[in-house]
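In: next comes the sequence, and after it the predicted model I'd like to discuss.
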Amino acid sequence: MFSAARSIAPVLRPGNIVVIESTSPVGTTDQTAELLASLRPDLTFPHQVPEDSDILIAYCPERVLPGTALRELTENSRTLGGLDQRSGRVAKAIYSKFATGELHVTSARAAELSKLAENSFRDVNIAFANELSILCQRIGVDVWEVIRTANLHPRVNILSPGAGVGGHCIPVYPWFIHEMAPDITPLIRIAREVNDSKPVHIAEQIMQAAGADRNAKIALLGLAYKPDVDDMRQSPSIEIAKSLMEMGYRNIHAVEPHAASLPSSLRSEFVRHHMSPRAALNEAAVVAILVPHKAFSLVKNMAFGESVVIDRVGYLR
């Protein structure tokens, strides 16, 4: 962020507005203004001359999903946080030229925290579902039936458990809140720990099913961090595969239909990549369904024979 600020500082002119969209810790917009002011003492900034500065500065976090960015850039509601009211008004005028969603103007710090709160809210709710799934496994209860029946309550909406939490947002940004005040944010920290532990739990379950035979064929269905994308950043499936490699398993077959090759962390003679599940499932001792890709639909009608099937995402229900 500060590197980008340094790069634009030489070309700033009176009347310009600088808008930050990257998710950042609370206070980053203020710090960016101070940095720009130190680099351009010939210009004034909102923290120096509120409502009458040469340069305006605002924060507007993005809210887009991979694969739908162009549509969501225009249709999603946006939060516009100005360092002063004038910056907020001008930012809203700019975004209103292309955004059809609701535009809400607030302070920069409130906008920064609201984006972090969005990610943390999701993380905490996913952690509850993941913890519930581990409990259900221990006591021999179908977690999907528990969630379905609990969600019949008009004010309950438990999310679906999975292999963990991945991507470049949710596993990272809750830490920004926790690190601001660790003594009063234990819930956020514990949610992060629960979600980070889920891949470890699934890897252990696969190891128990595979047994002592380190040559047992293990099929992992899905490497992306979410369904129907090729993004593997912070993917729980990658962590599961790495754990199996570290435990000495030498016959791992990873299926990812949205990627032409394995990520560098899994490139090994002991890991084979498949675009389709057929070859991977043939004579597999353990089949772990980790991501509910639509491309795996044929799996629902396949006979697994003697394979131990571990479905932690409810794909076969």
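Out: That came through fine. Residues are numbered from 1 along each chain as shown.
In: can you name every helix or strand that the helix or strand harbouring residue 201 contacts?
Out: Per DSSP states H and E, residue 201 falls inside helix 186-210. The helices and strands touching helix 186-210, judged by 3 or more CB pairs under 8 Å, 6 or more residues apart in numbering; DSSP states H and E, are helix 108-139, helix 174-180, helix 236-246, strand 286-289, strand 308-311. Using the backbone N, CA and C atoms, a C-beta is placed for each residue, glycine as well.
In: any idea how far it is from the middle of the chain?
Out: 16 Å (CA atoms, centre = their mean, to the nearest Å).
In: run through the stretch 1-150 of the chain and note the low-pLDDT ranges.
Out: Residues of the stretch 1-150 of the chain meeting the criterion pLDDT under 70: 64-67.
In: swap the cut-off to 80 and go again
Out: Within the stretch 1-150 of the chain, the set of residues satisfying pLDDT under 80 comprises 63-73.
In: of all the helices and strands packed on helix 186-210, which one comes closest to residue 97?
Out: The closest approach between residue 97 and any of the helices and strands packed on helix 186-210, judged by CB to CB, belongs to helix 108-139 at 19.3 Å.
In: what are the buried residues along that closest one?
Out: For helix 108-139, burial by neighbour count (16 or more other CB atoms under 10 Å) applies to 108-109, 111-116, 118-120, 122-124, 126-127, 129-134, 136.
In: picking up where we left off before, just the C-alpha atoms of the helix or strand that the helix holding residue 201 is followed by, please, in PDB.
Out: Heading C-terminal from helix 186-210, the first helix or strand you meet, by DSSP H and E, is strand 218-221. The C-alpha atoms that make up strand 218-221 are tabulated as PDB, following Å, rounded to 0.1, in the frame of the first residue of the first chain:
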ATOM      1  CA  ILE A 218      -5.300 -41.800  -1.800                       C
ATOM      2  CA  ALA A 219      -7.500 -39.700  -4.100                       C
ATOM      3  CA  LEU A 220      -8.100 -36.000  -3.100                       C
ATOM      4  CA  LEU A 221     -11.000 -34.400  -5.000                       C
END
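In: mean confidence score for strand 218-221?
Out: The average of the pLDDT scores along strand 218-221 is 97.
In: now stretch 225-239
Out: 95.
In: what about the nearest residue to residue 110 once chain neighbours are set aside, neighbour count?
Out: On the basis of CB to CB, 6 or more residues apart in numbering, the spatially nearest residue to residue 110 that is not a chain neighbour turns out to be residue 81, at 6.0 Å. Counted with other CB atoms under 10 Å, the burial measure for residue 81 works out to 27 neighbours.
In: let me see the domain layout of this structure.
Out: Here the domain assignment for the chain is 2-112, 198-311, based on automatic domain parsing.
In: ok now the longest one, how far from the chain's centre?
Out: Its chain's average C-alpha position is 20 Å from that of domain 198-311, according to CA atoms, centre = their mean.
In: so residue 214 is in contact with residue 246, correct?
Out: No - proximity of residue 214 to residue 246 does not meet the contact threshold set by CB atoms under 8 Å, at 11.6 Å.
In: looking at the two, which is more packed in?
Out: Summary of the neighbour comparison: residue 214 and residue 246, criterion other CB under 10 Å, with residue 214 having more neighbours (14 against 9).
In: residue contacts, that one?
Out: Counting by CB atoms under 8 Å, 6 or more residues apart in numbering, residue 214 makes contact with 247-250.
In: what residues of the helix or strand where the residue nearest to residue 110 lies count as buried?
Out: Counting by DSSP H and E, the secondary-structure element that holds residue 81 is strand 78-82. Going by neighbour count (16+ other CB under 10 Å), the buried part of strand 78-82 is 78-82.
In: same check, this time on stretch 292-300
Out: In stretch 292-300, residues buried by neighbour count (16+ other CB under 10 Å) are 292-293, 295-296, 299.
In: point out where the stretch 201-317 of the chain drops to low pLDDT.
Out: Within the stretch 201-317 of the chain, the stretches with pLDDT under 80 are 303.
In: can you tell me the closest non-neighbouring residue to residue 31?
Out: Using CB to CB, 6+ apart and skipping the chain neighbours, the partner closest in space to residue 31 is residue 2 (7.6 Å).
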